[in-house]
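Engineer: From the sequence below, what's the structure:
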Amino acid sequence: MKEPKVCRFRRKSGAAPAITTVILVAATLAIAISASGFAYTMLELQTETAEYENGKSAMVNLAQMIEGLTFAKGSAAHTTFYLSTGGMQLTPGTDSMAVNVAGSLVLGPSRINLIQFRGGRYVGGPDYQILRGDPTMMANQSLIMHSGTSAIQPLGWVYEMRKNGAWVVDDFGRIRVVFSGTDNYSVNGIAWQLLNVVELIYINVSFGTFSGSNAVDVRARVTSVTTSTWTSSATSVTVIATRGTVSQSYTVPSPSTFNGVAVKGTMVTLSVVNVQVSLAQG
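Structural biologist: Next comes the predicted model:
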């Protein structure tokens, strides 16, 4: 009787350990790549956040610097921005500023140009937040700075906003109104009259050259100061400022008599300080 045939399979030694090793190496590599990517993302996030916070401080300093320039042609100052993931943008405004005093147009419409700093792609921030100015109002709704508000409301406001990323904006779209007192003035070079004096100050931002990357100097220079004067027969005048669809009015508190003598009217002086802002390699 023939013995049945027995099929014997020869096991390939080492196949299973090799496959296991490949799987472990692939898994380890995937984890390493994932961890490396996460670490890179976190490092970039920290870098962008630090750059953005420094940019916010620099934008506030820039607004203070521009406002602090003396009203003389050629006065200048600069501050440095360090840009790696963000950038500077000098943006022609879509709003215009117009000022009416005692029924007469004395300024504008003058286009309001904006100085903007953009954060990196990982930077988060509020939809809108005032960094310099009155935190209870929006920058495009506060148009007249007067003696009762000048301590907390400067001409150059700085705010954060979100619009396809995080931005910080320097905005000079407002006017300062100052009652300067009462004195005798010669009108038309002939008669002396006792007049109240009201001063208006407006900073008009224009743009110069734009170049540079990484460390850039943002330079502000007063190119000219234009002064105009009007006389009104009213002892108190109302200033109306209009920006886009928003208007604000302010009646300047002024005396009708001074040392027992009747005041004959009001002299209004408008100073437009033209400031040119440029970017150059630091």
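Engineer: When you work out contacts or count neighbours from here on, use the C-alpha atoms and nothing else.
Structural biologist: Fine.
Engineer: and the spatially closest residue to residue 232 that is not a sequence neighbour, helix, strand or coil?
Structural biologist: In space, residue 232 comes closest to residue 266 once its chain neighbours are excluded; the distance is 5.1 Å by C-alpha to C-alpha, 6 or more residues apart in numbering. Here residue 266 is recorded as strand under DSSP: H, G, I helix; E, B strand; the rest coil.
Engineer: List phi and psi for the residue positioned nearest the centre of the chain.
Structural biologist: With distances taken as C-alpha atoms, centre = their mean, residue 170 lies nearest the centre of the chain, 1.5 Å away. Backbone torsions of residue 170, given as degrees, to the nearest 10, read phi -100, psi 130.
Engineer: now it: how far from residue 117?
Structural biologist: Shown here: residue 170 relative to residue 117, a distance of 9 Å by C-alpha to C-alpha, to the nearest Å.
Engineer: so where is the stretch 151-282 of the chain shaky, pLDDT-wise?
Structural biologist: Within the stretch 151-282 of the chain, the segments meeting pLDDT under 70 span 151-152, 189, 211-213, 281-282.
Engineer: Just the helices from it, written as ranges.
Structural biologist: With DSSP state H, counting those that start in this stretch, there are no helices along the stretch 151-282 of the chain.
Engineer: need the strands for it, in chain order.
Structural biologist: 157-162, 166-171, 175-187, 191-210, 215-232, 238-243, 246-251, 257-258, 261-262, 265-281 (DSSP state E, counting those that start in this stretch).
Engineer: Straight-line length of stretch 77-93, end to end?
Structural biologist: Start-to-end, stretch 77-93 (C-alpha to C-alpha) is 23 Å.
Engineer: so for it, what's the average pLDDT?
Structural biologist: Computed over stretch 77-93, the mean pLDDT rounds to 82.
Engineer: Can you list the buried residues in that stretch?
Structural biologist: Buried residues in stretch 77-93, counted by 16 or more other C-alpha atoms under 10 Å: 77, 78, 80, 81, 82, 83, 85, 86, 87, 88, 90.
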